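> Next come a sequence and a model predicted from it.
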Amino acid sequence: MSISALGKAVSIRALDKSYGATRALEGVSLEIAAGEFCTLLGASGSGKTTLLKTIAGFETYDSGNILVDGADIGPVPVSRRNIGMVFQNYALFPHMNVRRNVAFGLDMRRLPAREIETRVEEALALVDLGAYAERLPRQLSGGQQQRVALARALVIRPDILLMDEPLGALDKNLRQSIQLELKRLHAAVGATVVYVTHDQEEALFLSDRIALMDKGRLIQTGSPRDLYDRPANRFVAGFLGECNFIPSEGGEIAVRPEKLRVGRQSAACDQSFEARVISVNFMGRGFRVILERGGTELAALTDASDEIAALRPGDMVTFGFQKNDVMDIAAA
Ligand SMILES: Nc1ncnc2c1ncn2[C@@H]1O[C@H](COP(=O)(O)OP(=O)(O)O)[C@@H](O)[C@H]1O
Ligand SMILES: [Mg+2]
């Protein structure tokens, strides 16, 4: 596909940024490989947008460096960074049709009309909107408008594509279908993607690597499985997925709900206990069971068996887990 651009590596080194007394970024260091899909994940206010804006050049920083393929981009003006951006509020030009919206970045670069036409066609085909070129933004659905915004970012063949909660305004089904589309596009286009979301499921689904942020700091970076199976601390364990913290001698044990076995299935576990049933809820694929033991509530995700269906609040039941499924995490 001729739209392909090989992505460039991004290296963020000891970046600091304050807004008055607010430290938005604190010693953030992150290496993003060329062509990688890297997600900045964190709660609102954790510094994700600030980091993205510093990469784009829309925001200054107090100290540190940002390198692209080894070169410091500090002195490079926004217009020369060859970075594509997509935001949550897609901000298409309302009076321009889809074709003109997508062509905008190429018009600005004063490319020959012929080439602009070809590249716009390619970009629209890539997001499956070839038939909508003459429409105005208000004649499109939210999902289609977001795909136009994506085409507009891709048409310049960016080395780096920055996306800030681009699906945040869409409903769940649409979000899932565009997530699939994003994965396909990333594979086709080959640009380095830095993606921002506060949605952990979205981060797990999309990313080669996740950088988890909290209060301006980078807490842990790794593949989705690294972070899920080997969280560095309690914060990561609780932020990505759900986690039970069971008090034990000398500390606590961290176990995911899907690793707890309830009822007969706990017989095969090397650790098992008694607990009281608080609630049992059918989730389609199985049950979500809340148990209480010694004042601690625990969540278990079980198969959809008749044995679990028959449990009532107040019943006593055994539950267990394998030593292997206990995650070794630090407190803090
Ligand atoms: N322009 C600004 N002026 C003052 N404070 C800001 C500004 N932009 C962001 N902040 C603050 O910096 C912190 C990080 O914000 P932000 O990067 O937008 O977080 P996120 O995108 O993760 O929600 C927050 O405490 C926020 O209030
Ligand atoms: Mg933000």
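Received, thanks. Numbering: from 1, shown residues only. Ligands and ions are numbered 1, 2, ... in the order given.
> Look at stretch 255-265 and report the distance between its end residues.
Counting by C-alpha to C-alpha, to the nearest Å, you get 16 Å between the two ends of stretch 255-265.
> go on, stretch 153-161?
By C-alpha to C-alpha, one end of stretch 153-161 lies 7 Å from the other end.
> for residue 249, phi and psi?
phi -60, psi 130 (degrees, to the nearest 10).
> residues in contact with it?
Contact analysis of residue 249 by C-beta atoms under 8 Å, 6 or more residues apart in numbering lists nothing. Where C-beta positions appear, they are placed from N, C-alpha and C, glycine not excepted.
> Find the centremost residue of this structure, please.
For the chain, residue 203 is the residue whose C-alpha lies nearest the centre (C-alpha atoms, centre = their mean; 2.5 Å).
> Pretty sure it sits in a helix.
Yes. Secondary structure assignment places residue 203 in a helix (DSSP: H, G, I helix; E, B strand; the rest coil).
> Mind checking the pLDDT average for stretch 219-230?
The average pLDDT within stretch 219-230 is 96.
> what's near enough to touch the residue nearest to the centre of the chain?
Counted by C-beta under 8 Å, 6+ apart, residue 203 has contacts 39, 41, 195, 197, 210, 224, 240.
> Farthest-apart pair in those, please.
Using C-beta to C-beta, these span at most 15.5 Å, a distance reached by 195 and 240.
> For the two, indicate the residue with more neighbours.
residue 195 (26 against 21; other C-beta atoms under 10 Å).
> Any figure for the gap between that one and residue 45?
18 Å (C-beta to C-beta, to the nearest Å).
> now the strands: where do they sit in the stretch 151-300 of the chain?
With strands called from DSSP state E, counting those that start in this stretch, the stretch 151-300 of the chain shows them at 160-164, 192-197, 209-214, 217-222, 244-248, 251-255, 261-262, 271-282, 286-293, 296-303.
> Does residue 158 touch residue 191 like I think?
Yes. Using C-beta atoms under 8 Å, residue 158 is in contact with residue 191, at 5.5 Å.
> Rebuild the contacts of residue 203 as a markdown table, extending it with distance to residue 145.
Converted to a markdown table, these look like this (distance: C-beta to C-beta, whole Å):
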| residue | distance to residue 145 |
| --- | --- |
| 39 | 22 |
| 41 | 25 |
| 195 | 19 |
| 197 | 19 |
| 210 | 27 |
| 224 | 29 |
| 240 | 30 |
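> between the residues you listed, which is nearest residue 120?
Lowest distance from residue 120 to the contacts of residue 203 (C-beta to C-beta) belongs to residue 195, with 24.0 Å.
> Just checking: what are the partner strands of the helix or strand that contains residue 40?
Element membership of residue 40 [criterion: DSSP states H and E] is strand 37-41. Sheet pairing here is set by DSSP bridges, and for strand 37-41 it gives strand 192-197 (parallel), strand 209-214 (parallel).
> so how far is the last one off the chain centroid?
On the basis of C-alpha atoms, centre = their mean, to the nearest Å, strand 209-214 sits 9 Å off its chain's mean C-alpha point.
> count of residues packed around residue 257?
Neighbour tally, residue 257, other C-beta under 10 Å: 17.
> which ones are touching the closest residue to residue 288 other than its chain neighbours?
Nearest-residue entry for residue 288: residue 281, 4.8 Å, with adjacent residues in sequence omitted and distances by C-beta to C-beta, 6 or more residues apart in numbering. Applying C-beta under 8 Å, 6+ apart to residue 281 gives the contacts 287, 288, 289.
> can you pick the most crowded of these?
That'd be residue 289 among the contacts of residue 281, by other C-beta under 10 Å, with 24 neighbours.
> That one is in contact with residue 307, isn't it?
No. Between residue 289 and residue 307 there is no contact under C-beta under 8 Å: 11.1 Å.
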